[in-house]
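**Student:** got a structure for you, letters missing:
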């Protein structure tokens, strides 16, 4: 899986970025995703994530992670003059993109301290949580929450990023 990591804060170490990349690759393999899948993770501060949260979720507060699942059905190719082979290639390329995550490093630090575990563990937790969202998992009801949170714990435990 191809993961693009962008640190808009200049606060996320190369080691932490590599750790997030490794965790997400592990999770992709765990879910048996195709190697052609792609996603982006952008590390931001609280003011930036508050703007994103307002724009996409209509909530004017900073949050820890915003997950934007890519919806390929949103594209209408009828206005493009391309043949069927090109259309299939373009469709494959668009379907390879899972979505993107925005993670607040400020919230990760705050929550790590509040929960009594490391900043690195909190970053990993938030990245995996968002990753599961862009792969169709949710926690809007008790049954879905049990599935998502169970899978989240299972992956983190198998990866070795357990709660301290």
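**Tutor:** Yep, it's here. Because the structure is a prediction, the values reported are computed rather than measured. Residues are numbered from 1 along each chain as shown.
**Student:** Could you verify that residue 5 is part of a strand?
**Tutor:** Yes - applying DSSP: H, G, I helix; E, B strand; the rest coil, one finds residue 5 inside a strand.
**Student:** Let me see the contact set for it.
**Tutor:** Applying CB atoms under 8 Å, 6 or more residues apart in numbering to residue 5 gives the contacts 17, 20, 21, 40, 41, 42, 43. (Each C-beta comes from the backbone N, C-alpha and C, glycine too.)
**Student:** Narrow those residues to those in strands?
**Tutor:** 40, 41, 42, 43 (DSSP state E).
**Student:** and which of the residues you listed is nearest residue 139?
**Tutor:** The shortest approach to residue 139 among those belongs to residue 41, at 20.1 Å (CB to CB).
**Student:** Tabulate the ones in strands among the contacts of residue 5 in a markdown table, adding columns for neighbour count.
**Tutor:** As requested, the ones in strands among the contacts of residue 5 are exported to a markdown table (neighbours: other CB atoms under 10 Å):
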| residue | neighbour count |
| --- | --- |
| 40 | 18 |
| 41 | 24 |
| 42 | 18 |
| 43 | 26 |
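**Student:** about what we covered before: now pLDDT and distance to residue 69 too, for the contacts of residue 5, in TSV please.
**Tutor:** Formatted as TSV, those follow (pLDDT from 0 to 100; distance: CB to CB, whole Å):
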residue	pLDDT	distance to residue 69
17	97	22
20	97	18
21	98	20
40	97	12
41	98	14
42	98	15
43	98	19
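**Student:** Among those residues, which pair sits farthest apart?
**Tutor:** Pairwise over those, using CB to CB, the maximum falls at 21 and 42, 13.4 Å.
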